[in-house]
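Visitor: need a 3D model of the following:
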Amino acid sequence: MELWRELPLFGLPEFPIIQAANTVTNIRAGYDLYQSSSIRQLAKNKTPTLFIHGDQDTFVPFSMLEELYSTANVDKEKLVIHGAGHGEAEKVNPELYWATIWKFIAPYL
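Guide: Residues are numbered from 1 along each chain as shown. Just a heads-up that it's a prediction; the model follows:
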């Protein structure tokens, strides 16, 4: 899913914002936003991953969590923060957020 095509990025238009960002990303990182796929990238991931998602997220649909999680072929865990929108997990439930992060990374430290 190309999320930026589905949802307005903070109400900003594709032209010139996304197109300019794509040009810069291509030049600096060799990465094209128009050809991006989180599913394809996760399939190549080799890093343990903790998926943190708020069930009230309207930017990255909560429905995407299961597909992303199942695609990752690494040590993984998911944390759903009830009542959290995009980027609000720590604010909504800081105790659960940090406890889960520290528990997840402990074996790798």
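
Visitor: quickly list what L79 is bridged to.
Guide: In this structure, L79 bridges to I52 when assessed by DSSP bridges.

Visitor: H86: which element?
Guide: Using DSSP states H and E, H86 maps to neither a helix nor a strand.

Visitor: hang on, it packs against F59?
Guide: Yes: H86 lies in contact with F59 (CB atoms under 8 Å); the separation is 3.8 Å. Placement of C-beta: from N, CA and C, glycine included.

Visitor: in the helix or strand harbouring N26, what counts as buried?
Guide: Of the helices and strands defined by DSSP H and E, N26 is found in helix 19-29. Neighbour-count burial for helix 19-29, counted by 16 or more other CB atoms under 10 Å, picks out N22.

Visitor: next one: stretch 29-46
Guide: Residues L33, L42 are the ones in stretch 29-46 that count as buried (16+ other CB under 10 Å).

Visitor: and for stretch 90-101?
Guide: V92, N93, Y97, T100, I101.

Visitor: quick one: that stretch to chain centroid distance?
Guide: How far stretch 90-101 lies from its chain's middle: 17 Å, per CA atoms, centre = their mean, to the nearest Å.

Visitor: quick one: contacts for Y97?
Guide: Y97 makes contact with I52, L79, I81, A89, E90 under the criterion CB atoms under 8 Å, 6 or more residues apart in numbering.

Visitor: right, and the pair among the residues you listed with maximum separation?
Guide: Greatest spatial distance in the contacts of Y97: L79 and E90, 10.8 Å, computed using CB to CB.

Visitor: I'd like the contacts of Y97 written out as a markdown table, with pLDDT and distance to Q35 added.
Guide: Formatted as a markdown table, those follow (pLDDT from 0 to 100; distance: CB to CB, whole Å):
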| residue | pLDDT | distance to Q35 |
| --- | --- | --- |
| I52 | 98 | 26 |
| L79 | 98 | 30 |
| I81 | 98 | 31 |
| A89 | 98 | 29 |
| E90 | 98 | 32 |
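
Visitor: good, we can wrap up now.
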